[in-house]
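# Fold the following, please.
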Amino acid sequence: MPAYRAVGFDLDGTLVNTSINQARLEDVNRVILEPMGIPVDEIWRGCRWSDRTPLRTWLEENGRSEEFNCLNAILDEACAQVEAEGRLGATVCPGIRNSLITMSNLGIKIGVVTRSSHRHAVRLLAQYGLLEYIGTVHGRDNYPPEHGKPSPMAMVHLAESLNVELDEMLFVGDSLSDYISAKSAGVDFAGVLTGSGAEAVWRSVDPDIRVIPTAADAVSLL
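Just a heads-up that it's a prediction; the model follows:
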């Protein structure tokens, strides 16, 4: 087993569990943009709601490219409000704080990559006393939308921020997008059984995936 210099974590479902209203979050584009005459269903057909590239493309094709920055900011703020409500009543993965302390004491660098906003991630981690152990936090708004998970670029940016090579890093997550992002970047991966993670799901994806009960157990892989 390689000697890891860094560990990256997904946020929701991995380090913490929030009560974010996912349906409301996914409906932000429709609520904000349809009254402006922007065909949301057409633009995002086959694309993830949080990807703003389809919106940029549509605006450019329809001579409205100057609207993108303003609309992007409006959508981000609406999403941030939904995420803020979801921080109420959030619960932290059992034992994760002690594990982060142990990793820090071992000299392991720690980062977080999430498809939530950077502001939400930082506030959530600070709210539960975890931020002080984490070297970098990447939200969906830190890099171009196409660089978010499941793109390998999410791992590339994380490794660069932590000043480690991709093969010196372990990434821990609860979803398929976490696994795809790490696997396609050549980063070792461990799947948890919290959030959307489940033994049967992981084994159906890749029987060789290392599965751990919770993110706190990542320390055992070091």
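
# To what extent is the closest residue to residue 91 other than its chain neighbours buried, counted in neighbours?
Using C-beta to C-beta, 6 or more residues apart in numbering and skipping residues adjacent in sequence, the residue nearest residue 91 is residue 17, 5.0 Å away. Backbone N, C-alpha and C define where each C-beta goes, glycine included. Neighbour count for residue 17, taken as other C-beta atoms under 10 Å: 17.

# Run through the residues that contact residue 17.
90-91, 93, 194-195 (C-beta atoms under 8 Å, 6 or more residues apart in numbering).

# Give me the subset of the residues you listed that lies in strands.
Among these, the members falling in strands are residue 91 (criterion: DSSP state E).

# Among the contacts of residue 17, which one lies nearest to residue 212?
Nearest to residue 212 among those is residue 194, at 9.7 Å by C-beta to C-beta.

# Could you pull up phi and psi at residue 110?
phi -130, psi 140 (degrees, to the nearest 10).

# how close does the residue of the chain most remote from its centre sit to residue 156?
Within the chain, residue 63 marks the point farthest from the mean C-alpha position, 32.3 Å out by C-alpha atoms, centre = their mean. Distance, residue 63 to residue 156, using C-beta to C-beta, to the nearest Å: 34 Å.

# what do you get for residue 174?
In terms of C-beta to C-beta, residue 174 sits 21 Å off from residue 156.

# the more surrounded of the two?
A direct count of neighbours by other C-beta under 10 Å for residue 174 and residue 156 places residue 174 higher, at 27 against 17.

# Pull the contacting residues for that one.
Going by C-beta under 8 Å, 6+ apart, residue 174 touches 10, 13-14, 191-192, 194-197.

# Give me the nearest residue to it, chain neighbours excluded.
Among residues not flanking residue 174 along the chain, residue 195 sits closest, at 3.3 Å (C-beta to C-beta, 6+ apart).

# List the contacts of that neighbour.
Counting by C-beta under 8 Å, 6+ apart, residue 195 touches 10, 12-14, 17, 174-175.

# Let me see the ranges of the strands in this structure.
6-9, 16-17, 91-92, 109-113, 136-138, 169-173, 188-192, 210-212.
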